[in-house]
Each structure stands twice: as C-alpha cells, then as structure tokens.
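> take this sequence and fold it.
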Amino acid sequence: MGAILLALALAALAWVLVAGDLLRRHRPAWHWYLVGYPVTACRVMFTWRRVAMLNDLVVSHRPPRGLLGDLVVKGDPLRPVAPRISFPRATCLGLTVLVRLHAGQTPATYMKAADALVHAWKVHAVRVTSPERGLVLLTATATDPLERPGLATAPAELLAALIGVLESGGAWVMNLRLVPHWLIVGATRSGKSTLLARLITQLAQQPVALVGIDCKGGMELGLFAGRLSALATCRREAVAVLSALVVDMQDRMSACRSAGVRSIWELPDKLRPVPVVVLVDEIAELYLSDGTRESKAEAEQCSTLLLRLAQLGAALGLHLVVAGQRVGSDLGPGVTALRAQLSGRICHRVNDPGTAEMALGDLNKDAVAVAQSITAEERGVAVCTGPDGGWSRARSHLTPTEEAVSTARKHSAMTPELPLVGRALVALEGDDK
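Numbering: from 1, shown residues only. Now for the predicted structure:
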C-alpha cells in the first residue's frame, strides 16, 4: 500500500512539474500569478530586513544617555530599524513594493541598492522611483519582457505610431501630437534603421506627408521614395527642402492668424493643411564642413532652418524625427540648440559616451548609464523617454526591409503633394543644368 501511495505521489509531482513547465512556456502571466508571485513575495518579506542592513538602508537611533553624579550612563543601543514596506503587490510582469523612508533618507540610496535587491529577490530588474516625498516605489520585473517582445496593441490615432514594446509590457508608441519632435541615436546595427522603417510603415498608412533627408545619397530613405512627398539626397537639396518648409510654415501661421486660432488643429477640417513629418537620417552629414566657404554656409543654413522648424513647427503640424549614429557638441552649437527642442529621445547602443550623454544627459543621468549598458546582442533595444518626462527600456518590433518597402508602395497613392517643396527641388535641378 505504501509503495502504491509513493508511486501516486511521484506521478502527481511529475504531472505538476510538467504542467508548470507548459504553463510557464505558453501562459507566462498565469504561471507568474500562480507560482512566481507567491514565492517572490515571500522572499521579499523574509529578506527585507537583512538586505536593508547590508545596504545601509536602516537607521539606528542614538542610545539614551543620562548623568548619575559625575558618571555618564549609557543605555543599551537600539537595534537598527529597517524602513517599513508594504506587502508586495502583483503586476502582470512582477511586483511592486512601497517603502516609507526614514527621516533623512533619500531615494538615491535605494537606487544604489537596486542591484543587491535583484540578487536577493532573484528577479530580472528592480526600478526605483519616488511617487511622492517620503516614499519610494520598488518595481521588480520577474523576467525580461524585451527578450521576446510580443506585438502589443495601441489605439489608432493620427500621427501616432506603434513602434514596439516597453519593458513594462505595454505598447511603445511614438505620438507626435503629444511629443512633436524626436532625436534617435544609435550605432551601426543597433536597430536605429529598423526603428525608422517601422515608423515609416506606421505613418505611411495615415494622411500625413513624409519628407526624407538622407545625405548618404538616399541609401536608407530612398527605399521608401514612393511614399515620400520629397526626398533630399545631399545637403544642397536639404537646404532647398528645409527652406521651402519654413515658407510653408509661415503660410500656416498666416492661416491660423486669419482664423483666430493658435494651431492648425483648431482649424476646420477643410482648411487644415496636411501634417508633415520630416525624417532626417544621419544628422551629422548636415553639420559637417570640409572647410570651404560654401560648405560652411550650407551647414549654417541647415542648422538655422532645422532649429526654426523645431521651435515653431509643433502647433503648425510640422514635426521632426532626427536620427544619427553620432550626435555630439563637436558638431557645433547648432546641434546642442536643436537637441533642446527635440523633447522625444531614443538612445540605442552607441559607440561613444558623448552621444548617450547628448541624447539623455539633460533628462536623467540614470538613463545614460542604462543606455551605455546595452550590448551588441540586444538589437532594437533602446532607452526612450515618455510623455510624462520619465524614461524606460524598450524594444522596437523587427520590421524586415522588404515588408517596409512593400507597405510604402502599397500606400503610395496616399502621398500628399507639397507644392512649395516640389518647386524648390525643380528649381534646384534647373540651376544644375
């Protein structure tokens, strides 16, 4: 009888292990709620005091003292007191713990202890934020959601593009209505070109005009020429296109002023001009100069025109998406001034710390460190900013070049005409002849 019960127990254990493995593979969220979360929550509660002591998160009160004649009498020293924590609350990818700080403590101490919490709780990552004064929110992620990102969903909205997935598991959306201008940096094969292709495929299906500036002879953006209202393949053409867009911007200002509104989005649908998204690939090519007077003049013109579009274009439906492998102050003061106007930032793996600092340094120093830790194997992974001013790790969906080109061709009939830009390019060709 005992042997039969033992065999049944072993069979049941084997069944549980097999079922648990299948659940973990095919229903990771269910596995987390049923198995992972209870185990991790117990680990958090049982290890908190020890982890807090080892990482200087505790506070020891001074022992009481008293005078007895000429003798100073000390009481027994108090035991170190760890900050109070809430019971871990489960999320779809991990858990959150709210910590009430002791007087004199700051969130910086907890940021330094984040790696220790990762190892103690056996999770993938721990993010430290401060939702309000005196409180710290510890967000633990059980596994890396960017390792195999699924196709998230996002509401269809004009000038909004579903790019990929955030480390929280939510959709990574570039909404140009909320954040009008973006800076994208990344080394070769870091995922920058894939992200641009994904952005074009998303915007190509919308009633917007796409203008490309690719001073590498159109090698990248030229693939999508069928859906582009204009394409500049050299800096001279870029000056002509940007100049025409500035003139168009002034016309939009006049239309808004005549209608008594402050943006084109307040105009009636029949009077509203088409939104324009200017895609600049390899920004350094617009700013570099070979030392000649003509080259310097073109670089200065590009710098001034881009800055004017960034400063005034948001309310007028003119949006900039600027990308480059290297973006540094050595390209000139114009780059720094333009960077200040590009509130949306995306930083892939970069070859030099200066580029990461330029992209994220004025927003958050921690984001710079995270961006520099992205490895060559993590193609498509980036640190991006959100509409709330925070930052997050994210990964763009892999969009094959063939798929992107096919999508652009499919929607080529939707390409709006930009008369001013077209005439500027025609006039430039006539001058060359």
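
> for the nearest residue to Leu54 once chain neighbours are set aside, what are its contacts?
Using C-beta to C-beta, 6 or more residues apart in numbering and skipping residues adjacent in sequence, the residue nearest Leu54 is Ala116, 7.0 Å away. Glycine gets a C-beta too; all of them are placed from N, C-alpha and C. Neighbour list for Ala116: Val51, Leu54, Asn55 [criterion: C-beta atoms under 8 Å, 6 or more residues apart in numbering].

> which one (most neighbours) among the residues you listed?
Of all the contacts of Ala116, the highest neighbour tally under other C-beta atoms under 10 Å goes to Val51, namely 19 neighbours.

> so that one, which state does it fall into?
helix (DSSP: H, G, I helix; E, B strand; the rest coil).

> isn't it right up against Val118?
No. Applying C-beta atoms under 8 Å as the test, Val51 and Val118 come out as separate, 10.7 Å apart.

> helices of the stretch 201-350 of the chain, start to end?
Using DSSP state H, counting those that start in this stretch, the helices of the stretch 201-350 of the chain run over 235-259, 284-287, 293-312, 333-341.

> in the shortest one, what's buried?
In other words, helix 284-287. Glu285, Leu286, Tyr287 (16 or more other C-beta atoms under 10 Å).

> okay if I get those as a markdown table plus distance to Ala394 and pLDDT?
As requested, these are arranged in a markdown table below (distance: C-beta to C-beta, whole Å; pLDDT from 0 to 100):
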| residue | distance to Ala394 | pLDDT |
| --- | --- | --- |
| Glu285 | 27 | 89 |
| Leu286 | 27 | 89 |
| Tyr287 | 28 | 87 |
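
> closest to His319 among these?
Leu286 (17.3 Å; C-beta to C-beta).

> was I right about that closest one contacting Val278?
No. Counting by C-beta under 8 Å, Leu286 does not reach Val278; the two are 11.8 Å apart.

> common neighbours of those two, please.
With C-beta under 8 Å, 6+ apart, Leu286 and Val278 have common neighbours Ile213.

> low-scoring stretches of this structure, by residue?
Applying pLDDT under 70 to the chain flags residues 1-29, 61-79, 147-155, 430-433.

> please parse it into its domains.
Taking automatic domain parsing as the domain assignment, the ranges for the chain are 15-141, 160-432.

> so which of these is the most surrounded?
Most buried of these by mean neighbour count (mean count of other C-beta atoms under 10 Å) is domain 160-432; its value is a mean of 19.

> can you give me how far that one is from the chain middle?
In terms of C-alpha atoms, centre = their mean, to the nearest Å, the gap separating the centre of domain 160-432 from the centre of its chain is 15 Å.

> quick check: which element contains the residue nearest the centre of the chain?
Nearest to the geometric centre of the chain sits Cys384, at 1.4 Å (C-alpha atoms, centre = their mean). In the assignment (DSSP states H and E), Cys384 maps to strand 381-385.

> and the contacts of whichever helix or strand comes after that strand?
Later in the chain than strand 381-385, the nearest helix or strand by DSSP H and E is strand 391-396. By C-beta under 8 Å, 6+ apart, the surrounding residues in contact with strand 391-396 are 146, 149, 163-168, 172, 191, 194-195, 198, 360, 363-364, 366-367, 370, 378, 380-386.

> repeat that for stretch 49-57.
Val58, Pro80, Ala82, Pro83, Gln105, Thr109, Tyr110, Lys112, Ala113, Ala116, Leu117, Ala120.
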